[in-house]
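**Student:** give me coordinates for this.
(one chain, ligands or ions: 1)
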Amino acid sequence: MEPFYESCTQCPKKCGTARNAGIPGFCGEPAEIRLAWAGLHFGEEPPVTGSGGSGTLFVTGCNLGCSFCQNYQISHDGMGTAVSPEEFAEICLALASSGAENINIVTGSHAIPGIAAGLQEATLQGLSIPVLWNSSAYETPEALSLLDGLVQVWLPDLKTLNPLLARSVFRAEDYPAVAKKAVRWMANHSPLSIEQTGSTSYPNGKIVSGVIIRHLALPGKLADTELVLRWFAEHLQGKALLSLMTQYTPVSKSAHAAALDAFPDRVLDRTEYNTLVNLLDELGIDDGFYQELVQDTEWLPDFERIQPFTSVLAKPVWHWKQGFIR
Ligand code: SF4
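**Tutor:** Residues are numbered from 1 along each chain as shown. The predicted structure is shown next:
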């Protein structure tokens with residue numbers, strides 16, 4: 001059993017609960033790693049998706065619990081099943097042999113020691129593609145250090161730099177301070193390297209090291225996005241790429257839907273989108289990506305299904321109910 005989970009303080013929540021004894025803290029998780037789904041994902045940023053797709057593993061539980069989470073079935077509602085570090089490694093290797101460009105671990109901030117053990121096992125068994133850490137950035141440098149040498153590419157969110165918004169949507173007023181420290185740690189540990197594959201443009205390269213900071217623009221909250229973009233331009237421009245996401249979708253089925261009252265029940269509109277694109281221009285942020293405006297809810301995943309996404313977007317390799325998909 002992991003000593004980190006005897007009195008869990010491995011994330012900034014510092015619950016102090018005995019996860020080794022099966023007592024979950026805020027993240028809702030015991031000591032075991034629990035996973036909901038693994039497969040090839042074709043909807044990430046171009047150098048992450050490459051041609052083979054990103055080998056994505058969705059970890060159950062979350063230490064932040066955003067009220068608008070599109071993956072609420074696994075982050076809030078606990079959908080998933082426990083896997084040992086050996087099984088975790090086996091899933092990583094299955095993704096690699098299915099053609100994945102990389103291993104992409106989604107929302108594992110509350111399970112870093114167990115995931116580190118799984119990645120060590122996978123490396124021992126010959127995993128040789130880059131490993132990406134796809135997280136909320138609500139993480140301490142001490143916990144991130146456990147992944148040093150095991151993770152090559154970091155995909156942290158920078159959700160907001162407004163403590164009041166952080167308090168209202170995920171009850172973590174300290175998020176801005178914690179996340180700024182985490183993304184700086186990542187940028188200092190991982191210089192940007194994109195392996196070119198026949199072209200000098202990002203869409204035709206594969207990221208092998210570096211940081212891509214993701215920010216999801218929220219409708220009606222453009223001033224908060226502006227804060228994030230200005231901070232990025234001042235502190236991380238040239239050290240990391242920025243990915244501006246516009247896919248915010250009201251998630252009315254979530255048990256946490258009540259907290260959605262703070263947001264308009266709508267997607268981002270065209271005027272807001274154009275404002276953000278102009279702001280990127282004004283700030284000179286041209287190293288990165290911005291999503292086309294997403295104006296429907298068709299893409300929202302359902303992890304009850306073996307194929308939670310559309311077949312264009314993903315190919316399942318493992319599912320929490322079925323195990324490996326043969
Ligand atoms: S990982 Fe979970 S139990 Fe541990 S401190 Fe964070 S939220 Fe609490």
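**Student:** surely Leu227 is in contact with Pro163?
**Tutor:** No - judged on C-beta atoms under 8 Å, Leu227 makes no contact with Pro163 at a distance of 11.0 Å. Using the backbone N, CA and C atoms, a C-beta is placed for each residue, glycine as well.
**Student:** dump the residue contacts of the closest residue to the ligand within the stretch 101-250 of the chain.
**Tutor:** Across the stretch 101-250 of the chain, no residue is closer to the ligand than His110, which sits at 3.6 Å (C-beta to the nearest ligand atom). Counting by C-beta atoms under 8 Å, 6 or more residues apart in numbering, His110 touches 10-11, 27, 29, 61-63.
**Student:** what is the longest strand along the chain packed up against?
**Tutor:** The residue-count maximum for a strand in the chain (DSSP state E) belongs to strand 205-216. Counting contacts by 3 or more C-beta pairs under 8 Å, 6 or more residues apart in numbering; DSSP states H and E, strand 205-216 packs against helix 46-49, strand 153-156, helix 175-189, strand 193-196, helix 222-235, strand 241-245.
**Student:** please name whichever of those is nearest to Ile325.
**Tutor:** For Ile325, the closest of the helices and strands packed on strand 205-216 is helix 46-49, at 20.0 Å, according to C-beta to C-beta.
**Student:** ok, back up a step: near the ligand, from the contacts of His110?
**Tutor:** Filtering the contacts of His110 for proximity to the ligand by C-beta under 6 Å from any ligand atom leaves 10-11, 27, 63.
**Student:** between those, which is closest to Leu127?
**Tutor:** Gln10 (23.6 Å).
**Student:** what is the burial count for that closest one?
**Tutor:** The tally of other residues near Gln10 (other C-beta atoms under 10 Å) stands at 25.
**Student:** wait, a strand at it?
**Tutor:** No - read with DSSP: H, G, I helix; E, B strand; the rest coil, Gln10 is coil and lies in no strand.
**Student:** show me what from the stretch 51-200 of the chain comes close to the ligand.
**Tutor:** Contact residues, the stretch 51-200 of the chain versus the ligand (C-beta under 6 Å from any ligand atom): 63, 110.
**Student:** how does it look with 8 Å?
**Tutor:** Residues of the stretch 51-200 of the chain lying near the ligand by C-beta under 8 Å from any ligand atom: 61, 63, 109-111.
**Student:** residue in the stretch 1-150 of the chain nearest to the ligand?
**Tutor:** For the stretch 1-150 of the chain, C-beta to the nearest ligand atom, closest residue to the ligand: Gly25, 2.4 Å.
**Student:** can you confirm that residue is in a helix?
**Tutor:** No - applying three-state DSSP, one finds Gly25 to be coil, outside a helix.
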